[in-house]
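Trainee: This is a predicted model, with the sequence first.
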Amino acid sequence: MFHHGPGQPGAVKEVNRWHDHYARRARNEKWPARSVYKLEEIDKKYRIIRAGDHVLDLGCYPGSWSRYSLAKVGSRGSVVGIDLKEPRDLSHPNFRFIRGDVLNLDEAWIAEQVGQRDVVISDLAPATTGIRVTDASRSTALAQKALDIALEVLKKGGHFVCKIFENEDAKQLRNEFSHLFEQTRTVRPAAVRKTSREVYILGLHLLE
Ligand SMILES: C[S@@+](CC[C@H](N)C(=O)[O-])C[C@H]1O[C@@H](n2cnc3c(N)ncnc32)[C@H](O)[C@@H]1O
């Protein structure tokens with residue numbers, strides 16, 4: 001929670017300004033979550049999503065990444081979203097939602113359901129406990145599962161965007177990416193909370 005008021009330390013004020021800026025912008029631009037600006041920044045820089053692409057969005061609730069992707073892929077593309085919770089007001093002819101806990105879904109079953117994908121984006125995040133090691137290990141488990149799913153559904157040459165909380169395990173995952181994709185990048189978009197440890201690992205151009 002952020003509180004305004006006199007006597008507030010400068011650093012907290014700074015975080016508030018940042019928080020207010022992205023929250024206000026998302027409200028004005030009618031996005032369900034300000035996390036859309038993280039994907040937008042990554043996409044603008046690395047050209048991840050193109051017209052006609054078929055996208056899989058892991059952890060899609062409340063739906064801003066799926067909406068952004070739908071706008072980018074256009075009428076020839078499609079987006080499938082998976083989450084524990086269904087995004088509201090996201091009925092679109094090119095969007096399909098699958099409710100489920102990714103940790104309990106079989107990758108081969110997902111592949112059967114969604115078919116081959118050009119892009120997999122994962123913003124999966126655990127409900128945080130505030131205990132750093134617990135949150136980090138849950139985030140790593142989600143990121144590892146997202147990678148397993150991506151490897152099952154991605155076309156050769158496809159791209160993968162994966163959120164993870166930065167820690168030792170993230171380094172290992174990045175190393176795994178480097179053997180699987182032509183290029184690997186780690187990005188911390190401007191819209192990530194200053195206090196958050198989250199980063200996005202990008203796998204660009206899946207090899208064989
Ligand atoms: C940061 S939010 C995603 C925000 C989304 N990218 C957007 O822009 O609207 C993370 C999501 O991961 C989902 N999630 C966490 N663990 C999950 C799991 N095991 N299976 C499916 N979804 C999960 C949560 O329900 C939550 O909606």
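Mentor: Great, that's in hand.
Trainee: Please make it C-alpha for all contacts and neighbour counts, starting now.
Mentor: Noted.
Trainee: And the pLDDT at residue 32?
Mentor: Residue-level confidence at residue 32 comes out at 88, pLDDT.
Trainee: Was I right to think it contacts residue 23?
Mentor: No: Residue 32 sits out of contact with residue 23 when judged by C-alpha atoms under 8 Å, with a separation of 9.9 Å.
Trainee: Show me the shaky parts of this protein.
Mentor: 1-19 (pLDDT under 70).
Trainee: how about the residues of it that lie near the ligand?
Mentor: Contact residues (C-alpha under 6 Å from any ligand atom) of the chain with the ligand: 33, 35-36, 59-65, 83-85, 100-103, 123-126.
Trainee: now do 8 Å
Mentor: Within the chain, the positions adjacent to the ligand are 32-36, 57-66, 82-85, 87, 99-104, 122-127, 142 by C-alpha under 8 Å from any ligand atom.
Trainee: Measure how buried residue 116 is and give me the count.
Mentor: Around residue 116 there are 18 other residues, counting by other C-alpha atoms under 10 Å.
Trainee: That one and residue 149, how far apart?
Mentor: 11 Å (C-alpha to C-alpha, to the nearest Å).
Trainee: Mind splitting this protein into its structural domains?
Mentor: Described in terms of automatic domain parsing, the domain architecture of the chain consists of the residue ranges 1-30, 33-206.
Trainee: So which of the ones you listed is the most surrounded?
Mentor: Ranked by average neighbour count under the criterion mean count of other C-alpha atoms under 10 Å, the domains of the chain are headed by domain 33-206 at a mean of 18.
Trainee: hey, where'd the strands end up in the chain?
Mentor: The residue ranges that make up the strands of the chain, judged by DSSP state E, are 54-58, 78-83, 95-99, 117-122, 154-165, 181-187, 198-206.
Trainee: Those strands: which one's closest to residue 136?
Mentor: When the strands of the chain are ranked by distance to residue 136, counting by C-alpha to C-alpha, first place goes to strand 154-165 at 5.6 Å.
Trainee: who does the closest one pair up with?
Mentor: Strand 154-165 pairs in its sheet with strand 117-122 (parallel), strand 198-206 (antiparallel), by DSSP bridges.
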